[in-house]
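>>> here is my input; please provide its structure:
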Amino acid sequence: MDTKTQPVSTAVLDNAKSEKRSRVSGIDRALQVLDYLYETGTPCGAYAIAKAIGAPLSTVYVIIDDLVEKNLLTRDADGMIWLGARLYHYGLAYARSLDFMSVATHEMHDLCREVGETVQVCGRDGDHMLVLAMAAGPSHFQVTSRVGTRVPLNWTASGRLLVGHLPDDERLELFKRCARSSPTGRADVDPATLAAAAADAMQARLSIQAGESDYAVACIASPICDREGQCVATISIVLPEQKAFSDETHYTSHVRASAERIETLMGWRSH
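Have a look, this model is predicted:
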């Protein structure tokens with residue numbers, strides 16, 4: 001019985017491998033078409049593309065038709081092929097991400113040098129605040145929330161800012177769902193209070209918390225907002241609690257200015 005079924009099993013495997021090779025080849029051909037157009041920098045006809053990449057004209061026609069249908073390529077009235085709008089949107093999304101972290105990280109290090117304290121750039125990850133980048137200050141003061149740390153939104157100054165732009169009902173429902181008691185027991189857990197505090201912090205472009213997530217640790221944060229006024233991230237100074245309130249104006253003015261500089265460099269200061 002085994003000898004009868006073996007050839008069938010081998011044939012199935014061979015077909016699967018053949019299909020896989022075919023799929024990879026199709027992807028490679030599509031990339032060759034896109035790369036050729038990118039490198040030449042000008043619309044081309046299907047024949048010129050096929051000749052340049054060494055592919056059968058019939059294959060190139062099929063690939064071009066598929067990419068045009070998916071808006072990855074465009075075809076004008078003369079049949080000339082060029083890159084499609086969908087690629088432009090992908091490029092914008094990638095550039096925004098790359099440019100933002102580059103700009104924010106540079107500003108983070110500048111602020112760290114200016115104030116001599118640890119500075120963080122934070123973002124939102126669902127119901128949590130996420131530390132995206134950090135520049136450690138020169139002092140021996142240790143910060144437990146390092147890059148990659150996720151904590152409930154209601155524990156931190158940044159967490160409140162990250163949802164401060166949301167409509168009132170959304171903020172309230174969010175804090176009803178995600179508010180948690182902190183290790184120090186000092187983090188507010190009342191949804192209504194948190195929702196109001198988040199809106200006030202956003203309006204003031206400043207949020208301060210002390211001892212809510214860690215004992216004797218304070219955080220002074222300012223929102224980084226996009227063109228629509230939505231808080232996409234925060235920049236914050238993390239320092240000893242007693243130090244934060246000894247010269248509060250000094251720290252608040254610096255962190256606000258840093259957030260504004262990031263928005264300006266990103267072209268977001270229209271709100």
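>>> tell me how far the spatially most central residue of the chain lies from Leu132.
Computing the C-alpha centroid of the chain and ranking residues by C-alpha atoms, centre = their mean puts Ser97 first, at 5.6 Å. Plainly put, Ser97 is 11 Å away from Leu132 if you go by C-beta to C-beta, to the nearest Å. The way it works is simple: take the backbone N, C-alpha and C, and place the C-beta from them, glycine included.
>>> burial count for Glu228?
Glu228 has 10 neighbours, counted by other C-beta atoms under 10 Å.
>>> which pLDDT value belongs to it?
Per-residue confidence (pLDDT) for Glu228: 92.
>>> for the nearest residue to Gly159 once chain neighbours are set aside, give me its contacts.
Excluding the flanking residues, the one nearest Gly159 by C-beta to C-beta, 6 or more residues apart in numbering is Leu153, at 3.5 Å. Counting by C-beta atoms under 8 Å, 6 or more residues apart in numbering, Leu153 makes contact with Arg124, Asp127, His128, Met129, Gly159, Arg160, Leu162, Val163, Leu174, Phe175, Cys178, Ala179.
>>> out of these, which are inside helices?
Residues of the contacts of Leu153 located in helices (DSSP state H): Gly159, Arg160, Leu162, Leu174, Phe175, Cys178.
>>> looking at those, which gets the smallest pLDDT?
Ranking these by pLDDT, Cys178 lands last with 92.
>>> how many neighbours does that residue have?
Around Cys178 there are 18 other residues, counting by other C-beta under 10 Å.
>>> quick check: it touching Pro152?
Yes - contact criterion C-beta atoms under 8 Å: Cys178 and Pro152 qualify, at 5.9 Å.
>>> overlap in contacts, those two.
The contact sets of Cys178 and Pro152 overlap at Asp127, His128 (C-beta under 8 Å, 6+ apart).
>>> helix or strand: which one has Leu265?
Using DSSP states H and E, Leu265 maps to helix 248-266.
>>> who's in contact with that helix?
Here helix 248-266 makes contact (C-beta under 8 Å, 6+ apart) with 99-100, 103-104, 107-108, 110-111, 114-115, 117, 205-206, 208, 220-226, 234-237, 239, 244, 269.
>>> swap the cut-off to 7 Å and go again
99-100, 103-104, 107, 111, 114-115, 205-206, 220-225, 235-237, 244, 269 (C-beta atoms under 7 Å, 6 or more residues apart in numbering).
>>> now, those residues that are in strands?
Ile220, Ala221, Ser222, Pro223, Ile224, Cys225, Ile235, Ser236, Ile237 (DSSP state E).
>>> ok, which pair from the residues you listed is furthest apart?
Greatest spatial distance among these (C-beta to C-beta): Cys225 and Ile237, at 18.4 Å.
>>> those two: who's more crowded?
Per other C-beta under 10 Å, whichever of Cys225 and Ile237 has more neighbours is Ile237, with 28 against 25.
>>> quick check: bridge partners of the more buried one?
As for beta bridges, Ile237 partners with Val119, Ile220 under DSSP bridges.
>>> gap between it and Asp35?
Note on Ile237: its distance to Asp35, by C-beta to C-beta, is 45 Å.
>>> next one: Tyr61
Distance from Tyr61 to Asp35, by C-beta to C-beta: 18 Å.
>>> neighbour count winner among the two?
More crowded of Tyr61 and Asp35, by other C-beta under 10 Å: Tyr61, with 14 against 11.
>>> didn't the more buried one look like it was pressed against Gly45?
No - in this structure Tyr61 lies outside contact range of Gly45 using C-beta atoms under 7 Å: 10.9 Å.
>>> which residues of this structure fall in strands?
With DSSP E as the criterion, the chain has strands at 73-75, 81-83, 118-125, 128-135, 150-152, 207-210, 217-225, 231-240.
>>> Serialize the ones you listed to CSV and add fields for mean pLDDT.
Formatted as CSV, the strands of the chain follow (pLDDT from 0 to 100):
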stretch, mean pLDDT
strand 73-75, 96
strand 81-83, 95
strand 118-125, 95
strand 128-135, 94
strand 150-152, 92
strand 207-210, 92
strand 217-225, 95
strand 231-240, 95
